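**Student:** Fold the following and give me the result.
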Amino acid sequence: HDALPIYTNPSFAGTNGLIRNQFLYRNQWPTLSADYVTYYNATDAYINKAKCGLSFIYLHDDISDGLFKRDEFHLVYAQHIHLFNGKGKLIPSIQAGYFIRTLDRTKLNFGDMVDSTFIPHWGDNLIPAVRKSNADFSAGLLFNYRHFYVGFSAFHFTQPDEGLLGVSKLPFRFSGYLSYNLYFNDKNIFQAQLNYQNQNNANVLIVGGNFLLFNSWLLGASYKSLDGIVLRSGYRQKYFSLQLGYDVVVSKL
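**Tutor:** As a prediction, this is how the structure comes out:
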């Protein structure tokens, strides 16, 4: 979330004032058979004449080496409303998307494949579909005054059906975001962040901070409640930045 502001809140679209492209590769649980690989790319731009931000997002998940895949496409429109003689902004946004869920049934294991004496009684209603697609809508609101940011976002507020075996609605997800940038000088900055998320009775609180040192080096860490610690480091130039992160799991998981 720290490296992907538009994923955190679609109202961040256009907030850098220029054209920005962000790419993420994440490999979760690589030593397990149920590995979870994510590719994410977001391009956003600020349109000065319309005072708005536009973004296109593509996300791809590959779970268990192709057993289950997710592809998502999203368009974001964020209206930048300038306040306090340009020192502040109020940015409402809307995100319209389309997702595709794909299941490779050849990678599924059934009881009769493990024990030949097991007599299956599979009916058509117990065999999952191989594909499901639907529209998905989200919205955000962000307030910025000088170096302070606070925002809220509501994802999947239409709760689209994503079920491959009967109806399964994608639960509504609420996210709240708070950050403050402390400038020691022009080249050294500390950013404190707090992010809260709630979805289907699951709550996650992420507290962390990032240092930008000598206008080039990035160092950061976050604590994810009941899960783990995320460590980050990177390097920033005028036109690009590279950041690497590692999750240290501290829970029983």
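**Student:** Provide a list of residue ranges in the stretch 51-200 of the chain with pLDDT below threshold.
**Tutor:** Flagging of the stretch 51-200 of the chain using pLDDT under 70 yields the residue ranges 110-114, 116-125.
**Student:** again, 90 this time
**Tutor:** 65, 86, 105-128, 165-166, 186 (pLDDT under 90).
**Student:** So which residues of it form strands?
**Tutor:** All strands of the stretch 51-200 of the chain, identified by DSSP state E, counting those that start in this stretch, fall at 52-63, 68-79, 81-83, 88-103, 131-145, 148-155, 173-183, 189-199.
**Student:** Could you measure from the closest residue to L164 other than its chain neighbours over to P171?
**Tutor:** Spatial nearest neighbour of L164, chain neighbours left out: P128 (4.2 Å); criterion: C-beta to C-beta, 6 or more residues apart in numbering. The C-beta positions use only the backbone N, C-alpha and C, and glycine is treated the same way. Applying C-beta to C-beta, to the nearest Å, one obtains 19 Å for the distance of P128 from P171.
**Student:** One more: L18?
**Tutor:** 35 Å.
**Student:** List the contacts of G140.
**Tutor:** 9-12, 78, 91-93, 95, 151-154 (C-beta atoms under 8 Å, 6 or more residues apart in numbering).
**Student:** if we go to 10 Å?
**Tutor:** When contacts are counted by C-beta atoms under 10 Å, 6 or more residues apart in numbering, G140 touches 6, 8-13, 76, 78, 91-95, 151-155, 175, 177.
**Student:** Can you select the buried ones among those residues for me in PyMOL?
**Tutor:** To isolate the buried ones among the contacts of G140 in PyMOL, judged by 16 or more other C-beta atoms under 10 Å, type:
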select buried, resi 6+8+9+10+11+12+13+76+78+91+93+95+151+152+153+155+175+177
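**Student:** List the contacts of F84.
**Tutor:** Counting by C-beta under 10 Å, 6+ apart, F84 has contacts 145-146.
**Student:** one more time with 7 Å
**Tutor:** Residues near F84 by C-beta atoms under 7 Å, 6 or more residues apart in numbering: Y145.
**Student:** Pull up the gap between it and D44, please.
**Tutor:** To D44, F84 is 24 Å away according to C-beta to C-beta.
**Student:** Report how many residues lie close to the residue nearest to V249 when sequence neighbours are not counted.
**Tutor:** Spatially, and ignoring its direct neighbours in sequence, V249 is nearest to G228 (4.3 Å; C-beta to C-beta, 6+ apart). Residues lying near G228 (other C-beta atoms under 10 Å) number 16.
**Student:** List the beta-bridge partners for G228.
**Tutor:** G228 forms beta bridges with K224, V249, as assigned by DSSP bridges.
**Student:** what's stretch 233-242 in contact with?
**Tutor:** Under C-beta under 7 Å, 6+ apart, the answer for stretch 233-242 is 212, 216-219, 243-244.
**Student:** now those as TSV including pLDDT?
**Tutor:** Below are those laid out as TSV (pLDDT from 0 to 100):
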residue	pLDDT
L212	95
S216	96
W217	96
L218	95
L219	96
Q243	95
L244	95
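**Student:** which among those residues gets closest to L108?
**Tutor:** Taking C-beta to C-beta as the measure, L108 lies nearest L244 of those, at 34.8 Å.
**Student:** Can you get me the centre-to-centre distance for the host helix or strand of the closest one and its chain?
**Tutor:** L244 belongs to strand 241-249 when assigned by DSSP states H and E. Distance, stretch centre to chain centre, for strand 241-249: 15 Å (C-alpha atoms, centre = their mean, to the nearest Å).
**Student:** same question, stretch 131-144
**Tutor:** Centroid separation for stretch 131-144 versus its chain: 11 Å, with C-alpha atoms, centre = their mean.
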